[in-house]
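Asks: Kindly return the folded structure for what I paste below:
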Amino acid sequence: MIYEAVDPADAFIGLRVLPLFRVDLQTGQYPVIPPEVMFSIPNTKRSARGEYHRSDWEWQWDTYATSENGWEEPVDDREVNLYRQYFDAEVAAGIRALKIILRGQEQRIAGMVFNESNFTAHAVVNEWDDHANATPIDDVKKGRKAIHDTIGVEPNTLIIAYSTFLDLGLCDQIVDRIKYTTPAVQRGDIAVPLLAQAFGVSQILVGGGLFNKAKKGQDADLSGIWSNEYAMLCRVSEGPMLGNEPELGRTFLWTPESPTNTVVESYRDERVRGDVIRVRHDTDEEFISTECAYLMSNITTTP
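Replies: Below you'll find the model as predicted:
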């Protein structure tokens, strides 16, 4: 049996940072418009009976190659009957497998984005948890100008960790900016849309996903998937097609094998007298234009 799973929100933001792009081939090329083409000012003057000038630029090409990630959860018939009065063991197994796949995807994307090997990090002078002295609006303004001066468009997204979101609501500079337009707002209780308005971006993506750092058999030690040491200002795609606008990147989804981002299947295994729940997908997370991003570091005093 195979059916489509609905991805739970669960504070996962990876697919909003690198949105899905569906492909028919497991590996292939995709076109990229060279940045210099977008900003050239060629001679456009035409004389009577003369020909119009024409473009002779060529596409740049990059490649993707998807790989499969999957996880199985066995559900013993005896356990189904043992726990029936408390919960549905098959549903619980499916949710666990689904979250394992989504959490892995989230960690891959966060590891790419909040990464000084992929982007030049710009350290803020005053950490954003120094509520009296932090200047996050000024820090983001620098990033907006840097992206605009590089690719000629405004960034539309700020990516932060959950603890960073909490800190921003306590920053004097943020509170002072918002209290004049929204007098009823309370320090520490500033909604995401108000923060986005204060920063001049369309959206703020708050990465609240957690993972367990502890080894098997040890007590859980939960940590944020998105590091609170970083924040990123960037331009993410607002449309389904590639090449319509500058964008940070995409998650390529190989649809013949993975028609949706998470595919859930189940099959019978009589060796253990039970059902097996499997969740899988076939994807590749790729940057398209790293010039669309401005990575800030030193966001938190104690990461």
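Asks: Would you mind writing the CA trace of stretch 109-124 as PDB?
Replies: Written as PDB, here are the backbone C-alpha positions of stretch 109-124 (Å, rounded to 0.1, in the frame of the first residue of the first chain):
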ATOM      1  CA  ILE A 109      19.300  22.400   4.600                       C
ATOM      2  CA  ALA A 110      20.200  24.100   7.900                       C
ATOM      3  CA  GLY A 111      23.700  22.700   7.600                       C
ATOM      4  CA  MET A 112      24.100  24.200   4.100                       C
ATOM      5  CA  VAL A 113      22.600  27.600   4.900                       C
ATOM      6  CA  PHE A 114      24.100  28.400   8.300                       C
ATOM      7  CA  ASN A 115      27.600  27.500   7.100                       C
ATOM      8  CA  GLU A 116      30.700  29.700   6.900                       C
ATOM      9  CA  SER A 117      32.200  27.400   4.300                       C
ATOM     10  CA  ASN A 118      29.400  28.300   1.800                       C
ATOM     11  CA  PHE A 119      29.000  32.000   2.700                       C
ATOM     12  CA  THR A 120      31.100  34.900   4.000                       C
ATOM     13  CA  ALA A 121      30.000  35.500   7.600                       C
ATOM     14  CA  HIS A 122      29.500  39.000   8.700                       C
ATOM     15  CA  ALA A 123      29.800  39.300  12.500                       C
ATOM     16  CA  VAL A 124      27.400  41.700  14.200                       C
END
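Asks: Show me what counts as buried in that stretch.
Replies: 109-110, 112-114, 119, 121, 124 (16 or more other Cβ atoms under 10 Å). The C-beta positions use only the backbone N, C-alpha and C, and glycine is treated the same way.
Asks: ok, now stretch 262-280?
Replies: Applying 16+ other Cβ under 10 Å to stretch 262-280 flags 262-266, 274-280 as buried.
Asks: what's the answer for stretch 290-303, then?
Replies: Across stretch 290-303, burial judged by 16+ other Cβ under 10 Å covers 291-300.
Asks: Give me the subset of the buried residues of stretch 109-124 that lies in helices.
Replies: Per DSSP state H, helices hold the following members of those: 109-110, 112-113.
Asks: With pLDDT and distance to residue 157 as extra columns, can I get these in TSV?
Replies: Below are these laid out as TSV (pLDDT from 0 to 100; distance: Cβ to Cβ, whole Å):
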residue	pLDDT	distance to residue 157
109	98	13
110	98	14
112	97	15
113	98	11
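Asks: which residues touch residue 160?
Replies: Shown in contact with residue 160 (Cβ atoms under 8 Å, 6 or more residues apart in numbering): 168, 204-207, 226, 228, 231, 299.
Asks: Give me the subset of these lying in strands.
Replies: Of the contacts of residue 160, the ones assigned to strands by DSSP state E are 204-207, 231.
Asks: any idea which of these is the one closest to residue 23?
Replies: Lowest distance from residue 23 to these (Cβ to Cβ) belongs to residue 205, with 24.1 Å.
Asks: Look up how far residue 142 lies from that closest one.
Replies: Separation of residue 205 from residue 142 (Cβ to Cβ, to the nearest Å): 20 Å.
Asks: coming back round to it: tell me which two of the ones in helices among the buried residues of stretch 109-124 sit farthest apart.
Replies: So, those by Cβ to Cβ: farthest apart are 110 and 112, at 7.3 Å.
Asks: could you point out which element follows the helix or strand of the chain with the lowest mean pLDDT?
Replies: Lowest on mean pLDDT, DSSP states H and E among the helices and strands of the chain sits strand 2-4, with a mean of 38. The first helix or strand that comes after strand 2-4 along the chain, using DSSP states H and E, is helix 14-17.
Asks: Report the buried residues of the helix or strand just after that following helix.
Replies: Note on helix 14-17: by DSSP H and E, the next helix or strand toward the C-terminus is strand 20-23. By 16+ other Cβ under 10 Å, the buried positions in strand 20-23 come out as 20-21, 23.
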